[in-house]
Structures are given as structure tokens and as C-alpha cells.
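Chemist: Structure here, sequence nowhere to be found:
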């Protein structure tokens, strides 16, 4: 079955704040088809000034706590970048990209449906690595 990717109406450059960016990332995450047992927290990391844009970096850290193990053995991070172009009018919406901690592939939310399996794979790989050590 083909899932419809839910699109977020991203804020405009002129209305953007670090907190609105974090709230919109939370809004995006809420559209992802992820089991409720996954918990996450999101945080702003840094602002980056480039010649033709400003980039705002965020991270959402995911884990699967249980009653028996309330602190997960491993976590998986998803890194977000909100880009404000200095070349476009300030009424243009911000652009949003994300990547998984284990990957260099940069994804756009409106072009790619997030998969819970990506988080599972990161955590399983970390646990396997830890057990080898």
C-alpha cells in the first residue's frame, strides 16, 4: 500500500525562530508512522551562517524504553537542518532536511516517507557492536 506523505506547511523565513523550528520538527515527527513505544526528545544544536543561507541544526534522539529497562541500551539520532535562504524573499518557506546518524544520505520530508525500521537498524547495530567489545 502506498502511503501518502503528510506535508507540513513550513513557516516563512521572516516568521522563523529557533523554537518555531523545533515545534515544526515535532509536528513533522508526529506525522511519521512510528509505534508509540518509541520515545524521543528534540533539541536545537547550533546556528550556522553561510554566504547564501542560515542553517539551524536540530537533533531528535530516539529510544525504546521498557518497564524492565527504562534506560534504553542504545539510542538513534535523527539530525535536522532548517535552511533559510538569503537569496529568496523572506516570505518564502524555510527548507527542511534530515539525515540518520548512521547515514550521509540527506532526505527531504516531502519526498521520502520516514521508516521506523531505520531507527531499529541503528539501535540493533549499536547493540551488536557493544556486545563485540
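Modeler: Nice, thanks for sending it over. In this text, all values refer to a predicted model and were calculated from it rather than measured experimentally.

Chemist: going forward, measure contacts between C-alpha atoms and count neighbours the same way
Modeler: Will do.

Chemist: My guess is residue 75 contacts residue 60. True?
Modeler: No - the criterion here is C-alpha atoms under 8 Å, and residue 75 misses it with residue 60 at 10.1 Å.

Chemist: May I see the buried residues of the top helix by length along the chain?
Modeler: Of all segments of type helix in the chain, defined using DSSP state H, the longest is helix 116-132. For helix 116-132, the neighbour count (16 or more other C-alpha atoms under 10 Å) marks 119, 120, 122, 123, 124, 126 as buried.

Chemist: For this protein, give me the ranges with low pLDDT.
Modeler: Applying pLDDT under 70 to the chain flags the ranges 1-4.

Chemist: For it, which segments count as strands?
Modeler: 39-49, 53-63, 76-85, 95-100 (DSSP state E).

Chemist: Kindly reformat those as TSV containing mean neighbour count.
Modeler: Formatted as TSV, the strands of the chain follow (neighbours: other C-alpha atoms under 10 Å):
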stretch	mean neighbour count
strand 39-49	14
strand 53-63	20
strand 76-85	22
strand 95-100	18
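
Chemist: Export those as a markdown table, with columns for distance to residue 109.
Modeler: Output for the strands of the chain, formatted as a markdown table (distance: least, C-alpha to C-alpha, whole Å):
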| stretch | distance to residue 109 |
| --- | --- |
| strand 39-49 | 16 |
| strand 53-63 | 14 |
| strand 76-85 | 10 |
| strand 95-100 | 7 |
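
Chemist: Looking at these, which is nearest to residue 133?
Modeler: strand 76-85 (19.2 Å; C-alpha to C-alpha).

Chemist: Check which helices and strands the closest one sits against.
Modeler: Other helices and strands packing on strand 76-85, by 3 or more C-alpha pairs under 8 Å, 6 or more residues apart in numbering; DSSP states H and E, are strand 53-63, strand 95-100, helix 116-132.

Chemist: could you give the angle of the longest one to strand 53-63?
Modeler: Here helix 116-132 points in a direction 70 degrees away from that of strand 53-63 (axes from the mean of the first three to the mean of the last three C-alpha atoms, to 10 degrees).
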